[in-house]
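**Student:** What follows is a predicted structure for the sequence shown.
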Amino acid sequence: MPQLIVFDFGGTLDTHGRHWSRLLFESWQKFFPTLPWDIFWDAYVLAERNLQTLPDWDFLHTLQKKCLLEGMFIDDFLGTEIGSDIGSAVALWCYKEVERCIALSHEVLEKLHERTPLVLVSNFYGNLSTVLSAFRLSGCFDYVIESAQVGIRKPDPAIYAKVLELYPSIPPEDILVVGDSEKNDILPAQSLGMKTHLVRNFDDLIALV
C-alpha cells in the first residue's frame, strides 16, 4: 500500500477513463447526429481556450457554458444555427453521466481515505473547490492542487513536485499517482520517481480498493 495516493480529476474521477472530448462528442451526436468529428474537435479546442469561469460556478454551470461555446463555434464552422440551440441539452446529458461516475468514485475515495492520505492534482478552471463541494468530494482529499491556482499545468512535472513539498517525509517511490492520461499524469509523475496507475475504465479505479 502506498503512503500517499494522488488523483487526477477530469477524465479520471468524473468519467472513468473517457477523455472529455469523446464524452462530449457522444453527447453532441445524440442531438446532432450529422456533426463531423473534425468540426466538433475544432469547436472543443476553441471552447476550452475561451472558457472563462467564476469561482462559484459548479460543474453543471461550467459545463453549460462550455457546451454553449462549442455550439457557437460549431455554428460558425458549419454556417448553421443548430449548435447554440442544443448546447444546454448536450451539457445536461453529460452532467448526468458525470453524476453517475462521481457517485461510484466517491465510494472508492472514501474507502481509500480510511487507509491513506489522498491528494488531488488537476488542470482546472479556478472553481475546483466549488465543484468538489457540490459533489461532496471535498472531505475525501487532504490537499487540492489546481492548475489555475498554482500557475502550473500538466504535463509540467512541477505541479506534481508540489506534492513532494507538501509531504517531504514521503519518498516519491511511496507515492501512487492515479490518472487517465499518459501524457498529463503518468509520464510527469514517473519522471519524479512516483509510481503510477492508469485509469481506462471503472474496473481500473475500483482495483485500487
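**Tutor:** In hand now; what should we look at?
**Student:** in the protein, which spans are helices?
**Tutor:** Assigned by DSSP state H, the chain shows helices spanning 20-31, 37-50, 59-78, 83-113, 128-134, 147-150, 158-166, 187-191, 202-206.
**Student:** so which of those gets nearest Ile175?
**Tutor:** The closest of these to Ile175 is helix 158-166. By CB to CB, the value is 6.6 Å. Bear in mind the C-beta positions are built from the backbone N, C-alpha and C, glycine included.
**Student:** For the closest one, buried residues please.
**Tutor:** Within helix 158-166, the residues that count as buried by 16 or more other CB atoms under 10 Å are Ile159, Tyr160, Val163, Leu164.
**Student:** Also stretch 88-104?
**Tutor:** Of the residues in stretch 88-104, those buried under the neighbour-count criterion (16+ other CB under 10 Å) are Ala89, Val90, Ala91, Trp93, Cys94, Tyr95, Glu97, Val98, Cys101, Ile102.
**Student:** and that stretch, what's its mean pLDDT?
**Tutor:** Taken as a whole, stretch 88-104 carries a mean pLDDT of 96.
**Student:** now do stretch 5-19
**Tutor:** Here stretch 5-19 scores 97 as its mean pLDDT.
**Student:** Over to stretch 70-79?
**Tutor:** In this model, stretch 70-79 has an average pLDDT of 96.
**Student:** List the buried residues of that stretch.
**Tutor:** Counting neighbours by 16+ other CB under 10 Å, the buried set in stretch 70-79 is Glu70, Gly71, Met72, Phe73, Ile74, Asp75, Phe77, Leu78.
**Student:** Retrieve the pLDDT associated with the spatially closest residue to the fifth one that is not a sequence neighbour.
**Tutor:** Using CB to CB, 6 or more residues apart in numbering and skipping the chain neighbours, the partner closest in space to Ile74 is Gly83 (3.5 Å). We have a pLDDT of 86 for Gly83.
**Student:** Give me the distance between Gly83 and His19.
**Tutor:** Remark: distance between Gly83 and His19 (CB to CB, to the nearest Å) = 20 Å.
**Student:** Compare the two and say which one has the larger neighbour count.
**Tutor:** Set side by side, Gly83 and His19 show unequal neighbour counts under other CB atoms under 10 Å, the larger going to Gly83 at 27 against 13.
**Student:** And the protein, split by domain according to the record?
**Tutor:** Split into domains by automatic domain parsing, the chain comes to 4-17+101-206, 20-98.
**Student:** how deep is the residue nearest to Cys101 when sequence neighbours are not counted tucked in, by neighbour count?
**Tutor:** The shortest distance from Cys101 to any non-neighbouring residue, by CB to CB, 6+ apart, is to His16 (5.2 Å). By the measure other CB under 10 Å, the count of residues near His16 is 23.
**Student:** wait, what's in contact with His16?
**Tutor:** With contacts defined as CB atoms under 8 Å, 6 or more residues apart in numbering, His16 is in contact with Cys101, Leu104, Ser105, Val199, Asn201, Phe202, Asp204, Leu205.
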